[in-house]
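Trainee: what's the 3D shape of this:
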Amino acid sequence: MTFSDDEVERYARHLVLREVGGPGQQKLKGARVLIVGAGGLGAPAALYLAAAGVGHITLADPDTVSLSNLQRQVLYITGDIGRGKAETAAQRLGALNPEIELEIADVQLNDDNAEALVAGHDLVLDGTDNFETRFIVNAACVAEGVPLVSGAIGRWTGQVGIFEGRPCYRCLVPEIPPDAETCVAVGVVGALAGIIGSMMALEAVKLIAGAGKPLTGRLLVYDGLAAESRTLKVGADPSCPVCGPDAG
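Mentor: The predicted structure is shown next:
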């Protein structure tokens, strides 16, 4: 896999970076990444992965842009209100980097279509805002053997983790919490979406390029109010319904 002169200049800062270099950039160019949710987390993650030269990005989101999105979803502008997020995001990413391939999936993930959508991708980023969809994405990734970068935000706190086989996301969250909060109900500071979405993109680049120590089996929790973070180890749940020995 070779690079054009434009690609050499575009990715120059990666090519001279010891942990990426030519081999890592080639891996990025050959990678196929699915981003589920082109909103608060998926939008900044998509921008950085497109800029990084990920060769194929699939954007899965059935929603349209609303005025309340613009407080944190900086991929969109006021004139985009009412437009489909996946289509609009693909246009912006294509303008940012015409060297990559972009695919649109303006569908709601469910138990019937999730595995087919995940199949054929090397990595999945989940930036959705509800546990039902996160559970579906996680199950599909386990079934297809595809690593999952999961992110979540609320109020002033965000988290990022990587789940590859076992433990999976359901080991961390076995059931939907009865007191689960949504950003609609409790709010979220806009810049937090950029921080966590960018962290998701960074972990994706590390995984694809084989650089450093990704957050596999770990969860990074960031407290924006205190400007503090901590990293927790995620243990495998022996009774996990998705990746446990009795799953399926």
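Trainee: The spatially closest residue to Arg166 that is not a sequence neighbour and Leu70: what is the separation?
Mentor: Nearest residue to Arg166, sequence neighbours excluded (C-beta to C-beta, 6 or more residues apart in numbering): Cys243, at 4.4 Å. All C-beta atoms are positioned from the backbone trio N, CA, C, and that covers glycine. The gap separating Cys243 from Leu70 is 38 Å, by C-beta to C-beta, to the nearest Å.
Trainee: and the helix or strand containing Ala140, which residues are buried?
Mentor: Ala140 is part of helix 131-144 when elements are defined by DSSP states H and E. Of all the residues in helix 131-144, those buried under the rule 16 or more other C-beta atoms under 10 Å are 131, 133-144.
Trainee: Leu125: what's it in contact with?
Mentor: 33-36, 41-42, 45, 49, 148-149, 151, 200-201, 204 (C-beta atoms under 8 Å, 6 or more residues apart in numbering).
Trainee: hmm, 10 Å instead?
Mentor: Applying C-beta atoms under 10 Å, 6 or more residues apart in numbering to Leu125 gives the contacts 33-37, 41-42, 45-46, 49, 57, 137, 147-151, 160, 197, 200-201, 203-204.
Trainee: what's the answer for Ala12, then?
Mentor: Gln25.
Trainee: Kindly report the same for Val107.
Mentor: 60-62, 86, 113-114, 117.
Trainee: For those, pick the one with the most neighbours.
Mentor: For the contacts of Val107, counting by other C-beta atoms under 10 Å, the largest number of neighbours falls to Ala60: 28 neighbours.
Trainee: other SSEs contacting the helix or strand bottoming out on mean pLDDT in the chain?
Mentor: Least confident helix or strand of the chain, by mean pLDDT, DSSP states H and E, is helix 183-186 with a mean of 76. Applying 3 or more C-beta pairs under 10 Å, 6 or more residues apart in numbering; DSSP states H and E, we find helix 183-186 packed against strand 148-154.
Trainee: any idea of the angle the strand it packs on forms with helix 131-144?
Mentor: Using axes from the mean of the first three to the mean of the last three C-alpha atoms, to 10 degrees, the inter-axis angle of strand 148-154 relative to helix 131-144 is 170 degrees.
Trainee: which SSE is Val146 in?
Mentor: Per DSSP H and E, Val146 falls between elements, in no helix or strand.
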